[in-house]
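Student: Dropping the sequence and predicted coords here.
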Amino acid sequence: MDASIRPAAVAGAFYPADPLGLKGLVDTLMSAIAAPELLSRPLKACVVPHAGLIYSGPVAAKAYRLLQSTASHQLWRRVVLLGPNHRMPLHGMAVSDEAFWSSPLGRMPIDRAYTEQLCTKFQLTIRPDVHRFEHSLEVQLPFLQTIMPELALVPVLVGGVESEDVAALIEYCWQDESNLVLISSDLSHYHPWSEAQRLDAVTSKMINTLDAHLGSEQACGYHALNGLLLAARRQGLEIHCLSRLTSGDTAGSKEQVVGYGAYVCY
């Protein structure tokens, strides 16, 4: 494998490894969502979940359907994708150094020049080892490659870091209107369905009211999410919930569920 290409790490586990099967699944998820109404203001960011597509895909598709409808109006050129690290410890924020990331649907180019620009302005480390087996960002590729295949990617893993640091990065990215920001995060983990409903309702209210004090029990991507909420509050933006379900609502047992939410920031 070319060292400048990050190969898919969770194909065959979180989503089908077969290109036709993967395309069929994404197309099915997207076609199940009715065309949304356009927003009254420019779309600045979305929050999307990152579990196996049969579990979180129906929720993620709500956000990606909105992005698909909005793309022709906003002319994005790159997507800055922020999410948590599950596989390896990470303090701060980390980018990768490959030229492309791949999925069964093909390669997605990394905007290396913009990544380097961010590294000169913020404390970002270059850690391809932390990215190599991480799923939180990779599972977004099949959706992005389906609806906006022309976009370049800027993947950023967000570990232990102050909300202010993440907010500053997001606000800097928003200065360029060709940037779309995506935050990858699930909600509560491994509670009975009824308890997850209660916990996720509290979390969702905090997200909708831009309360940047989420904790690890509420969302695995809470560091990135808190940064988005702080940035949105400072910029006078709104965040609305597009969909909220659990794995018990989509494809799993209700004994222990994972919560998923899709949100739009505009």
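Tutor: Structure's in. What do you need? Here the structure is a predicted model, which is why all the values come from computation and not from measurement.
Student: Nearest residue to the residue positioned nearest the centre of the chain in space, please, no chain neighbours.
Tutor: In the chain, the C-alpha nearest the mean C-alpha coordinate belongs to residue 184, at 2.6 Å (C-alpha atoms, centre = their mean). Ranked by C-beta to C-beta, 6 or more residues apart in numbering and with sequence neighbours excluded, the top spatial neighbour of residue 184 is residue 83, at 3.3 Å. C-betas here are computed from N, CA, C, even on glycine.
Student: Residue 185 is in contact with that neighbour, correct?
Tutor: Yes. Taking C-beta atoms under 8 Å as the definition, residue 83 is a contact partner of residue 185 at 6.7 Å.
Student: who touches both of the two?
Tutor: 50, 136, 221, 224 (C-beta atoms under 8 Å, 6 or more residues apart in numbering).
Student: could the residues you listed be laid out in a markdown table, adding neighbour count, distance to residue 20 and pLDDT?
Tutor: Shown next, in a markdown table, are the shared contacts of residue 83 and residue 185 (neighbours: other C-beta atoms under 10 Å; distance: C-beta to C-beta, whole Å; pLDDT from 0 to 100):
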| residue | neighbour count | distance to residue 20 | pLDDT |
| --- | --- | --- | --- |
| 50 | 26 | 23 | 98 |
| 136 | 29 | 25 | 98 |
| 221 | 27 | 31 | 98 |
| 224 | 32 | 33 | 98 |
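Student: Show me which positions of the longest helix belonging to the chain end up buried.
Tutor: If you go by DSSP state H, the chain has its longest helix at helix 53-74. Of all the residues in helix 53-74, those buried under the rule 16 or more other C-beta atoms under 10 Å are 53-71.
Student: tell me the mean pLDDT for it?
Tutor: For helix 53-74, the mean per-residue pLDDT is 96.
Student: Which residue ranges of the stretch 1-150 of the chain form helices?
Tutor: 19-31, 53-74, 112-121, 128-131, 141-147 (DSSP state H, counting those that start in this stretch).
Student: of all these, which lies closest to residue 205?
Tutor: helix 53-74 (17.3 Å; C-beta to C-beta).
Student: what's that closest one packed up against?
Tutor: Helix 53-74 sits against helix 19-31, strand 45-48, helix 141-147, strand 239-246, helix 247-250, strand 257-265, with contacts defined as 3 or more C-beta pairs under 8 Å, 6 or more residues apart in numbering; DSSP states H and E.
Student: so how far is it off the chain centroid?
Tutor: 11 Å (C-alpha atoms, centre = their mean, to the nearest Å).
Student: OK, contacts around residue 122?
Tutor: Counting by C-beta under 8 Å, 6+ apart, residue 122 makes contact with 93, 165, 168-169, 172.
Student: any idea of the pLDDT on it?
Tutor: According to the prediction, residue 122 has pLDDT 97.
Student: can you list the weak-confidence ranges in this protein?
Tutor: Applying pLDDT under 70 to the chain picks out residues 1-3.
Student: just to revisit the earlier point, of the helices of the stretch 1-150 of the chain, give the one that comes closest to residue 238.
Tutor: Of the helices of the stretch 1-150 of the chain, nearest to residue 238 by C-beta to C-beta is helix 53-74, at 14.0 Å.
Student: now that closest one against strand 257-265, angle please.
Tutor: Counting by axes from the mean of the first three to the mean of the last three C-alpha atoms, to 10 degrees, helix 53-74 lies at 0 degrees to strand 257-265.
Student: hang on, the earlier thing: what's the burial count for the residue nearest to residue 184?
Tutor: Residues lying near residue 83 (other C-beta atoms under 10 Å) number 28.
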